[in-house]
Every structure is written in structure tokens, then in C-alpha cells.
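**Q** Provided below for reference: sequence and predicted model.
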Amino acid sequence: MNALILLLRVIVAVLMPLAAVVFSCLALRMARQSPPGIHTADLTCLQCGRSRPGAPGTFTYTRGIDRLRRQMRKKQPPVLEPKIAETETHFICDPCTRRYLQQEILLQILIMLPYPIYALAIKAFSHQNGRAPNILLEAFLIVLAIAGVLAALNLYRASRLGETPLADIRDRVAIQVRKKSLGKDISYYTRTGIQNLK
């Protein structure tokens, strides 16, 4: 049993952060190889309002998903069908897109870091005072580490499957900006998300 726990700790504390770093580096490399966007004085970025090189960010959103999910929990069949409400396209500049990508990678690292630190603390202090580690805290940190590696994998997948490596990231930036005015009770889909729904 102790060997299994030790193996799990090694996987979560060492292998998963390494996998997240590899996926993040691959996504960054693909983003650097992405050709620069178009630059016209007429187009301004939705995020920063400046006229810089970039490309359109496109997303689709649906309304009524929450009501549909609530009805699906009931035993009767759902009455409402979710409908595509609208597709929006907004110009997103390259610097805002790259900044969003860097922020996502930084967030993944911050999500991944607590468990390796906790695992080192377990090794250092549990032998000194003979106390067992907190199981609930460790389980929570393991879930965070899994979420971090899945987010890194999702970012890499989005960079690989988009029309260009930055296309899906532009969609995410447009969603982030427009979500403030459209609302959070709507389901948003990037271009690769729509491809997965079909």
C-alpha cells in the first residue's frame, strides 16, 4: 500500500508537472511559428482597442443550456432544444493573443506547483514529527495537479487543431471580453469547440 501511495505521489509530483511543461512548451513553440496577422488601420483589437497585427477571433454561443440541463435531470424528456443563438467575429491583435497564452501557461504552472511543494514538505516533516499527512488536503492538491495537466493538454490540442496555432486562442480572448456583456449563463464555443460538437 505504501509503495502504491509513493508511486502516486511521484506521478503527481514529478511526471504530471513535466507533462504539463512539455505541452505548454509545445504550445508556445507552435505560437511562435505562427505567421503574423494582418495589419490594417481600420481594424482595432477588441481587447486593447489598438490597431496592431492580428486576426479575427470567432466564437458561437447558445442560450438555454442551463434550462435544458435542469430538465435532463428530471425523468421526463427535455422539451427545449438548445439553439445556436449567434456567431460573433471580433478582431484580436497578436500581442493580446500571446499575452493570453502566456497567462494561461502561468496559471497552469501555479495550479501544478502546490502539490510538488506539499510532497516535499511531507517527506521533510512527516519523518521528523511522525505525523501522517492530511489526506483531504493532499486529495485536493492532486485534483488541482490533474486539472493543470489537463489544461496544458487542452491548450496544446487547441494550438494544434486550429486553423493557425493562435486561432483558438484568439477565440478565447474574444469570449473573455464579450462574456462580460453577454453574460455567464450562456455556453460559449470556440471554432475547435464547434468542430467537436458536429
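**A** On my side now, so go ahead. All values reported here derive from a predicted model rather than from experimental measurement.

**Q** Chain neighbours aside, what residue packs nearest to the residue nearest in space to the middle of the chain?
**A** By CA atoms, centre = their mean, the chain has its centre lying nearest to Ala151, at 4.6 Å. Nearest residue to Ala151, sequence neighbours excluded (CB to CB, 6 or more residues apart in numbering): Gln108, at 5.0 Å. C-betas here are computed from N, CA, C, even on glycine.

**Q** pretty sure that neighbour is touching Val22, no?
**A** No - the criterion here is CB atoms under 8 Å, and Gln108 misses it with Val22 at 11.8 Å.

**Q** And the two? Which one has more around it.
**A** Counted by other CB atoms under 10 Å, Gln108 and Val22 do not tie: Gln108 has more neighbours, with 25 against 14.

**Q** Now for the more buried one: which residues touch it?
**A** By CB atoms under 8 Å, 6 or more residues apart in numbering, the residues touching Gln108 are Ala20, Ser24, Gly148, Ala151, Ala152, Leu155.

**Q** ok but Glu19 is inside a strand, no?
**A** Wrong residue type there; residue 19 is Ala, not Glu. No - per DSSP: H, G, I helix; E, B strand; the rest coil, Ala19 lies outside any strand segment and is helix.

**Q** Quick check, it in contact with Leu150.
**A** No - Ala19 lies out of contact with Leu150 (CB under 8 Å); the separation is 10.1 Å.

**Q** who touches both of these two?
**A** Common neighbours of Ala19 and Leu150 (CB under 8 Å, 6+ apart) do not exist.

**Q** State the next helix or strand along the chain beyond the strand or helix carrying Ile175.
**A** Remark: Ile175 resides in helix 167-182, with elements defined by DSSP states H and E. Per DSSP H and E, helix 167-182 leads on to strand 187-190 as the next helix or strand towards the C-terminus.

**Q** Phi and psi next, for Arg50.
**A** phi -100, psi 160 (degrees, to the nearest 10).

**Q** With Ile38 instead?
**A** Per degrees, to the nearest 10, the backbone of Ile38 is at phi -70, psi 160.

**Q** Tell me the spacing between it and Ala31.
**A** Relative to Ala31, Ile38 is positioned 17 Å away (criterion: CB to CB, to the nearest Å).

**Q** one step back: quick check: the residue nearest to the centre of the chain touching Glu104?
**A** Yes - Ala151 lies in contact with Glu104 (CB under 8 Å); the separation is 7.3 Å.

**Q** Run through who's touching whichever strand or helix holds Leu7.
**A** According to DSSP H and E, Leu7 maps onto helix 2-10. By CB under 8 Å, 6+ apart, the surrounding residues in contact with helix 2-10 are Ala119, Ile122, Ile142.
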